Structures are given as C-alpha cells and as structure tokens.
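Peer 1: Sequence first, then the predicted structure, then my questions.
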Amino acid sequence: MVITVSTVTSEPAESEEAGFTSTRPLDYLPGILLLVAVGLLGKYAQIWWNSLARHQHWTVPDIEYVLWAIVIGLLITNTVGLHRVFRPGVLTYEFWLKVGIVLLGSRFLLGDIAKLGGASLIQILVDMTIAGTIILLAARAFGLSGKLGSLLAIGTSICGVSAIIAAKGAIRARNSDVSYAIAAILALGAVGLFTLPWLGHVIGLSDYEFGLWAGLSVDNTAETTATGYLFSDHAGKIAVLVKSVRNALIGFVVLGFALFWAARGQADEVAPGVRAKASFVWRKFPKFVLGFLAVSAVTTLHWLSKGQTANLANVSKWAFLLTFAGVGLNTDIRQIARTGWRPLVVAVIGLTVVAVVSLGIVLLTSRVFHWGVSV
C-alpha cells in the first residue's frame, strides 16, 4: 500500500497512548460512517473510471476499488486532515480487518488450509530466519539500540505493528523505540503496497505466486491484505491465508526475544516450565486466526448452504472495504519526517531482503517443487 509514508496508528494499544480511549458507542459512529463513505467512493470511483474509459474509447488499466479507497483516504488525511471526532471510529479498521479475515474462512476448505499452511510454514521459517538475522546485523551496523533492532526484526519478519506491540512489554522496549519501529515498518508496508503488485505483473507471477509473495513479504496485515487484493481476488485470499500463518508465530518469536533480553537482565523473567511458556505464547497468539479456522471448519463440514457461504464471503468483502479505507485515512505522509533516517534505512534493508528472499522461495517452491499451485 513509490512514496514513503507512515501510519498514524493501527492498534488499540497505540490508540490509547494517543489519547483515544473512548468507550461510548456514539463516539465511534462518525469515523465508521467516514470509513463507509470512503469505501463506497472507492467502489463507485472504479465503476466511474471504467465507464469513462469505455465511453471515451480509452485503453487504461482497471484501477481496483482497493486502490481508490486507499488513495481517497490518503488525500483526506494529508490535505484537510482527519478531525479528532473521526479518529475513534476510523481506528476500528483493524477490527474490520479481523472480521474480514475470520469470514474469509468461508472461502477455504480445511484441506486447502492444511496444504498451503504446511508449505507456507516452511517458507516463512526460512524467510524469517534469513531476514531477521540480516536486520539485526544492519541495525547494529547503523548504531541502533539492540531493542530497536529487535523490534524491527520482529515487525519485519512476522506481523508488523501487532508483533511490535506484543513485544513491547515482553522485552521492556522504550516508547521511543516502539514509535520508531512502528513508523518505519508501516512506511515500508506502504511502499510494498504500491510497488509489489506492479512488480508481480512485470515478473509474470500467477495469482497464487503473488498471493504467496505478498503474504510472505508485506509486514502489516492490513497492507498485506490490500496488496494481495490489488493484484487479484484469488491473490488476496492466498495472501491473507499465508499472513495468518505468519501471525500465528507471534507468540513463539516474542518469547524467544523475551528470553534473550531476560538472560541479559534487560527484560522481565519468563516463568520457567513448559506450561508457563505455553501460557505466554497463548497470550500473544492472535485469536482471530482461530475464528478463521472455525469458519473454514463449518464450511468444510457443509453446515452452511451455498447461499449462506456466499453471504459470508460478501460480508468479508465489505469488511475489507472498510479496512482499505482505514489504511488510507490512517496514513500521514508528514509523520515519516519525525522517524529519523537510520531506522528507516534498516527497514528498507529489511523490506528488500524479505522481498527478494521470499520471491526466490516462491519461485523455487511453485515452479520447481510445484507446492500448492492448485490451491
């Protein structure tokens, strides 16, 4: 989702730090209505653009509603600005993202998930190990603090903002390090959003290959989803599934970094024993992944009619539409100036390494080993 941008915030924890602690339902209404309005504008902008092109006999690319919604949101935030009355509701876009992912389970059978999930897990582990190691080395070379380097490695190799927030308390990271890491990760997520679909077409990737590449290489879940759907509907489905496998590893990775820093007396001790460590992993585990699997199980068991399954899939698309609108509305280009250049350079190195390594893995596994090409 090439420009350098940074997202204002995308997690409840962040919103509370920014002062958005509203709990009254009516406080969310203006922002949610704005998400709906921007999403619908994006949808109708696509229809208008295609109709105009046909009427004028133009040969133009079909700009997907995903991009229209993001661009409209970007224009609003970076011109007139986003009034604080809209912020509580706009910040719910992460909730709509999770709703969309859960309901997307209706479009997958458990067999497909097991087939692609098992293969993607191996790819993710290889990609994560290589990328994480290089990012840690780059952070040290550029003189970043060890914990900022850890946050960048966690955010880049696993799940962007969610992983950074999950790791914050576990490794006792400073607020400034967390802010730098979030800004850098989201800035690079935006670069991937705008460049990877174009590169995918240039390289000649199939829908499956691009979805796998987006799921492996884009950090934040919202940007991963948007990147996949910008390429095609099927690529979006694959990207979300692969990213969900990455998300499921958050607890294990954060546990590893917590143990590392605790051994150096710079983080809280993790209680000894398998049960305590399992409890730690469960606390960090993204629960919406279980919802995705549950809906997929219901679909696999044919407990829903074709019409009901189609309705769930349509609701999923509408939830993603609000998500894409929120990505644009939460992206403030000016914030990147306050990030500093060194974390951004390390994040650029990380994005490049992840993109190149994951592309190599995708091409090797799909065109040589023929993993998952029928999903």
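Peer 2: Nice, thanks for sending it over.
Peer 1: When you work out contacts or count neighbours from here on, use the C-alpha atoms and nothing else.
Peer 2: Fine.
Peer 1: Can you name every helix or strand that whichever strand or helix holds Gly31 contacts?
Peer 2: Counting by DSSP states H and E, the secondary-structure element that holds Gly31 is helix 25-56. Taking 3 or more CA pairs under 8 Å, 6 or more residues apart in numbering; DSSP states H and E as contact, the helices and strands that helix 25-56 lies on are helix 65-78, helix 87-90, helix 306-329.
Peer 1: Could you list the buried residues of the longest one?
Peer 2: This means helix 306-329. For helix 306-329, the buried set under the neighbour-count rule, 16 or more other CA atoms under 10 Å, comprises 309, 312-313, 316-329.
Peer 1: returning to what we had before: export the helices and strands packed on helix 25-56 to CSV and tack on mean pLDDT and distance to Trp371?
Peer 2: As requested, the helices and strands packed on helix 25-56 are arranged in CSV below (pLDDT from 0 to 100; distance: least, CA to CA, whole Å):
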stretch, mean pLDDT, distance to Trp371
helix 65-78, 91, 29
helix 87-90, 94, 39
helix 306-329, 93, 26
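Peer 1: Show me the shaky parts of the stretch 251-375 of the chain.
Peer 2: Within the stretch 251-375 of the chain, the ranges that satisfy pLDDT under 70 run 335-340, 372-375.
Peer 1: Do a quick rundown of the strands in the stretch 151-300 of the chain.
Peer 2: Defined through DSSP state E, counting those that start in this stretch, the strands belonging to the stretch 151-300 of the chain form an empty list.
Peer 1: returning to what we had before: may I see the helices and strands packed on helix 25-56 arranged in CSV, with distance to Gly360 as well?
Peer 2: Formatted as CSV, the entries for these read as follows, by distance: least, CA to CA, whole Å:
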stretch, distance to Gly360
helix 65-78, 27
helix 87-90, 37
helix 306-329, 28
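Peer 1: right, so of those, which gets closest to Ile165?
Peer 2: Go through those one by one with CA to CA and the one that ends up closest to Ile165 is helix 306-329, at 18.0 Å.
Peer 1: Which strands and helices lie in contact with the next helix or strand after that closest one?
Peer 2: Scanning forward in sequence from helix 306-329, with DSSP H and E defining helices and strands, the next element found is strand 331-332. Secondary-structure packing of strand 331-332 (3+ CA pairs under 8 Å, 6+ apart): strand 6-7, helix 65-78.
Peer 1: elements contacting the next helix-or-strand element following strand 331-332?
Peer 2: Elements were assigned by DSSP H and E; along the chain past strand 331-332, the next helix or strand is helix 341-363. Under the contact criterion of 3+ CA pairs under 8 Å, 6+ apart, helix 341-363 touches helix 110-141, helix 146-154, helix 175-203, helix 207-217.
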